[in-house]
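> Below: sequence and its predicted model.
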Amino acid sequence: MKHIEWKYQVGLHQLYTEGKTKLKILNNDYINLILFKQKKLIRFKSGNHSIIEANQRYPEFYKLELLDTYNYYNTFFEQSGIENNAKKTFTQDDLEALMFVYYNKKELREKLTTVKKFSARVFRNENSKYLENKPSLKNAVLQLLEVDEFPEKDPKNQQWRCVIDCDNPKVIALCENLDCLKVPVEYKKNNIELWYVGGNNTKPLLDIQKDKLQLPIYYFCDWDYAGLNIYSKVKEIFNKKDKEIEIIQPLVNAKRLPVGVKHHKSKWKKEDFSGLTKDNYSQDQIDLINQLISKNEWIEEESMDLIELILIK
């Protein structure tokens, strides 16, 4: 997924429909480095660098690579009532989170938690005060949820499951984090249905009926102690339902990070195999986990390509 903010996507769509744009789309690295310099699909208008034009190869590229994503964003604006303004200060992550809130508002509203916990869960790359410090974003979230304010205290029951449906699902990916669910276009195109139950909050899985467990199910998570420990809990739940679930294993060249990297809280335990259950893993997976433990490293979910890893199964 290319990270192209909405204001730049508007310009790319203008190039597709009108053949030119005055928006400063070259401020985006992907557009500047790939579309402009490498692929040469767009160029400055001769004698006027305030206008960017598309060449004859651009429409076909845009239709194949970017149009579905534009339509996804645009449909969100049209249906949600959020002002479609390319000058909005929403970041790419903000916009993806707003779309996730909109498409899952029923589940989120029924078990609404405090603004800080909501912020920490939905805006995962930010701290718990993120929404409080961005009033326009907070107001947009409240508008989408159709509520006046967040509750001052957490409700006792925060059990919910968010599902991104697709027309003809072939597999289910149960995600530890929300990121995949925020931009599900490519997953739908590849017949992957996405589930999220709130990280460590695995109890909603107990109530899933067997008729919803006919498809292969994969678990997608950070390869650190917290992610693998949650996987053990999830696997135990599905074992009781006589359903196999398989963890998505990183490629051998997957990027590894130090456990002590900023904002990462999960640490390996001093027990053998960090206290994890070896029976839940293949020998290759056991070897990888032991390597991570010995080097005090972890592999982040966001650094893995879920679609690629499912398709090679």
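Received it, and whenever you're ready, just let me know what you need.
> Tell me where the stretch 201-313 of the chain has strands.
Counting by DSSP state E, counting those that start in this stretch, the stretch 201-313 of the chain forms strands over residues 217-220, 245-247, 257-258, 297-298, given from the N-terminal end onward.
> Give me the buried positions along the second one.
Within strand 245-247, the residues scored as buried using 16 or more other Cβ atoms under 10 Å are 245, 247. For the C-beta atoms, the positions are set from N, CA and C on the backbone; glycine is no exception.
> what lines up beside that strand in the sheet?
In the sheet containing strand 245-247, the strands it pairs with under DSSP bridges are strand 217-220 (parallel).
> before we move on, the earlier item: which among the strands of the stretch 201-313 of the chain is found nearest to residue 18?
Taking Cβ to Cβ, strand 217-220 is the member of those nearest to residue 18, at 39.5 Å.
> Can you give the contact residues for that closest one?
Applying Cβ atoms under 8 Å, 6 or more residues apart in numbering, the contact partners of strand 217-220 are 171-176, 180, 231, 234-235, 238, 243-248, 301, 304, 306, 310, 313.
> give me every residue that touches the residue nearest the centre of the chain.
Averaging the C-alpha coordinates of the chain gives a centre point, and the residue nearest to it by Cα atoms, centre = their mean is residue 179 (1.8 Å). With contacts taken as Cβ under 8 Å, 6+ apart, residue 179 has the following neighbours: 124, 301-302.
> Is residue 35 in contact with residue 29, as I believe?
No: in this structure, residue 35 is not within contact of residue 29 by Cβ atoms under 8 Å, at 10.5 Å.
> Report pLDDT for the residue nearest to the centre of the chain.
Reading off the confidence values, residue 179 has pLDDT 78.
> Residue 274 versus that one, what's the distance?
Computed as Cβ to Cβ, to the nearest Å, the residue 179 to residue 274 distance reads 24 Å.
> cool, residue 261 as well?
Using Cβ to Cβ, one gets 18 Å for the distance from residue 261 to residue 274.
> So those two - more neighbours on which side?
When neighbours are counted by other Cβ atoms under 10 Å, residue 261 and residue 274 differ, and residue 274 comes out ahead with 17 against 10.
> Got the phi and psi for the residue nearest to that one when sequence neighbours are not counted?
The shortest distance from residue 274 to any residue other than its chain neighbours is 4.7 Å, reached at residue 268 (Cβ to Cβ, 6 or more residues apart in numbering). Dihedral pair for residue 268: phi -70, psi 150, per degrees, to the nearest 10.
> picking that back up, so residue 35 and residue 29 - more neighbours on which side?
For residue 35 and residue 29, the more surrounded residue by other Cβ under 10 Å is residue 35, and the numbers stand at 26 against 11.
> Next up, the contacts around that one.
With contacts defined as Cβ under 8 Å, 6+ apart, the neighbours of residue 35 are 41-42, 58.
> That one looks like it's in a helix, true?
Yes: checked against DSSP: H, G, I helix; E, B strand; the rest coil, residue 35 lies within a helix.
> hmm, back to that, the strands of the stretch 201-313 of the chain into TSV, with extra columns for mean pLDDT?
TSV is the format used below for these (pLDDT from 0 to 100):
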stretch	mean pLDDT
strand 217-220	96
strand 245-247	96
strand 257-258	94
strand 297-298	96
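> What lies in contact with stretch 272-290?
Residues outside stretch 272-290 that contact it (Cβ under 8 Å, 6+ apart) are 223, 225, 228-229, 231-232, 235, 247, 249-250, 268-269, 293.
> Quick check on those: which are buried?
The neighbour-count test (16+ other Cβ under 10 Å) applied to those identifies 223, 225, 228-229, 231-232, 235, 247, 249-250, 268, 293 as buried.
> for the chain, which strand is longest?
Once the chain is assigned using DSSP state E, the strand that runs over the most residues is strand 48-54.
> who's sitting farthest from the centroid in the protein?
Within the chain, counting by Cα atoms, centre = their mean, residue 47 lies farthest from the centre, at 41.7 Å.
> what about that one, distance to residue 24?
Between residue 47 and residue 24 the distance, using Cβ to Cβ, works out to 18 Å.
> mean confidence score for stretch 191-205?
When the per-residue pLDDT values of stretch 191-205 are averaged, the result is 81.
> now do the same end-to-end measure for that stretch.
21 Å (Cα to Cα, to the nearest Å).
> How many residues are close by residue 80?
Counted with other Cβ under 10 Å, the burial measure for residue 80 works out to 18 neighbours.
> mind listing what it touches?
With contacts taken as Cβ under 8 Å, 6+ apart, residue 80 has the following neighbours: 98, 102, 144.
> Out of the residues you listed, flag the one nearest to residue 256.
residue 98 (32.0 Å).
> What helices and strands are in contact with the helix or strand containing that closest one?
Under the criterion of DSSP states H and E, residue 98 resides in helix 92-103. For helix 92-103, the helices and strands in contact under the criterion 3 or more Cβ pairs under 8 Å, 6 or more residues apart in numbering; DSSP states H and E are helix 67-80, helix 115-122, helix 135-145, helix 179-182.
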